[in-house]
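Asks: Here is my input; please provide its structure:
(one chain, ligands or ions: 1)
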Amino acid sequence: MSTQKSYISTDIDFDREGKQIGRLRLPYSRNTSGWGIIPIPIAVVRNGSGPTVLLTAGNHGDEYEGQITLNTLIRTLEPRHIKGRVIILPAMNYPAAMAGRRVSPFDGVNLNRAFPGDPDGTPSQQIAHYVASVLVPMADAIMDLHSGGYSMRMLPTAIIYRPSTPELLERVIGAAHAWGCPLGILFDDLGERRTFDAICRDAGMLKLGTELAGGGAVSVEALAFAETGIWNLLKYFGVLVASPPAPRHPCPRSGPMRLTEITGPEAYVYATGHAIFEPAFGLGDEVAAGQVAGWQHYLDEIERDPVPLHFHKGGLVACTRGPGRIEPGDLAALVVTDTTG
Ligand code: CA
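Replies: As a prediction, the model looks like this:
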């Protein structure tokens, strides 16, 4: 990571006691705003000494439950609830969040492929650099809230990256159980170095992620999991010392978390045509290897029979396509299986 200082400044004093709501100010000169800034919302709640928890959402702008959850938390979390410090960024890639898009409209950059960032780079690269070089080093634990976005729909899930040590893995799985979603997925990022997870793994950080719902919509069920889960996590991370306020939505009933993993490329079903995809399954179905996953319909070739896609392995369908239209290489379904280890 560059040792160059960030251009981003803030009115927040991270050491001050109490609750502050402010902005990160990213200078960004453009046609419509010559001396303008990008004002990225941030809140810090501090009460004495204790762990620091960093909570982020809006890494992808079209994933809404996390943004609502942290926006609500900013207005409900008070210093008396905690010992320590909670830093909250509800719209980490603010331009993408305002546009409701996965990537920033200013630079076309996916923030979650921009880490560890560049202090002299585009706005998204500068945000990644600030988070990686200023915020992550302050934190003892990190939670980054994602959903499936416009293009995917997910089951409410704790996403568990594989940290560098077994001790840390045990703590991350503990955090996933505390979060309270019915499903956990051990995620293998296949050596990816550009994600928020990757820099946290390299820094030996305790970090948990989520997938909540998706399809470009807001799921009230997923929101209920997230709004209860965020307080559960603050307790698990050791900062919550008071009872949380009553939840706005009753948390859906769920048993203990089912811990699963993505075993490899065979877990993914990809589209092969420019078509409408008709799924032959529902999210959360158990499926078998070889089973039809769905059909690709060709309305520009109405003489042609629909072309089936098949599951390559059996397991639980945790993710499917959001929109009806599909193109070669789009993810049609993801199958996860119970962990063996
Ligand atoms: Ca995402």
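Asks: CA only for contacts and neighbour counts going forward, please
Replies: OK.
Asks: pLDDT value on Thr3, please?
Replies: On the pLDDT scale, Thr3 is placed at 68.
Asks: and what of Ser254?
Replies: 77.
Asks: wait, doesn't Trp295 sit right on Pro306?
Replies: Yes. Between Trp295 and Pro306 there is a contact under C-alpha atoms under 8 Å: 5.7 Å.
Asks: and the gap between the residue nearest the centre of the chain and Leu55?
Replies: Residue closest to the average C-alpha location in the chain (C-alpha atoms, centre = their mean): His146, at 2.2 Å. Counting by C-alpha to C-alpha, to the nearest Å, the gap from His146 to Leu55 is 11 Å.
Asks: Ok, Ala128 next?
Replies: 15 Å.
Asks: Which residue of those two possesses the greater neighbour count?
Replies: Ala128 (28 against 24; other C-alpha atoms under 10 Å).
Asks: what does the longest helix belonging to the chain rub up against?
Replies: Of all the segments of type helix in the chain, defined by DSSP state H, the longest one is helix 220-236. Contact with helix 220-236 is made by 53, 65-66, 68-69, 156, 175, 178-181, 212-213, 240-241, 244, 247-252, as judged by C-alpha atoms under 8 Å, 6 or more residues apart in numbering.
Asks: do the same with stretch 185-198
Replies: Residues contacting stretch 185-198 (C-alpha under 8 Å, 6+ apart): 111-116, 157-162, 199, 207, 259-262, 336.
Asks: Restrict the residues you listed to the buried ones and give me that as a ChimeraX selection.
Replies: Burial among those is assessed by 16 or more other C-alpha atoms under 10 Å; the matching ChimeraX selection reads:
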select :111,112,113,114,115,116,157,158,159,160,161,162,199,207,259,260,261,262,336
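Asks: Can you list which of the contacts of stretch 185-198 are found in strands?
Replies: Among the contacts of stretch 185-198, the members found in strands (DSSP state E) are 157-161, 207, 259-261, 336.
Asks: Could you export those residues as TSV, including pLDDT and distance to Gly273?
Replies: Converted to TSV, the ones in strands among the contacts of stretch 185-198 look like this (pLDDT from 0 to 100; distance: C-alpha to C-alpha, whole Å):
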residue	pLDDT	distance to Gly273
Thr157	97	29
Ala158	97	31
Ile159	97	30
Ile160	95	32
Tyr161	91	32
Lys207	96	37
Leu259	97	33
Thr260	98	30
Glu261	97	28
Val336	98	24
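Asks: Tell me which two in those are the farthest apart.
Replies: Lys207 and Val336 (21.1 Å; C-alpha to C-alpha).
Asks: measure the residue nearest to the centre of the chain to Thr260 for me?
Replies: Distance, His146 to Thr260, using C-alpha to C-alpha: 18 Å.
Asks: do the same with Ile276
Replies: Taking C-alpha to C-alpha, one finds Ile276 at 30 Å from Thr260.
Asks: Please name the residues that touch the nearest residue to Arg304 once chain neighbours are set aside.
Replies: Nearest in space to Arg304, with sequence neighbours left out and distances taken as C-alpha to C-alpha, 6 or more residues apart in numbering, is Tyr298 at 6.9 Å. Neighbouring residues of Tyr298 by C-alpha under 8 Å, 6+ apart: 274-276, 304-306.
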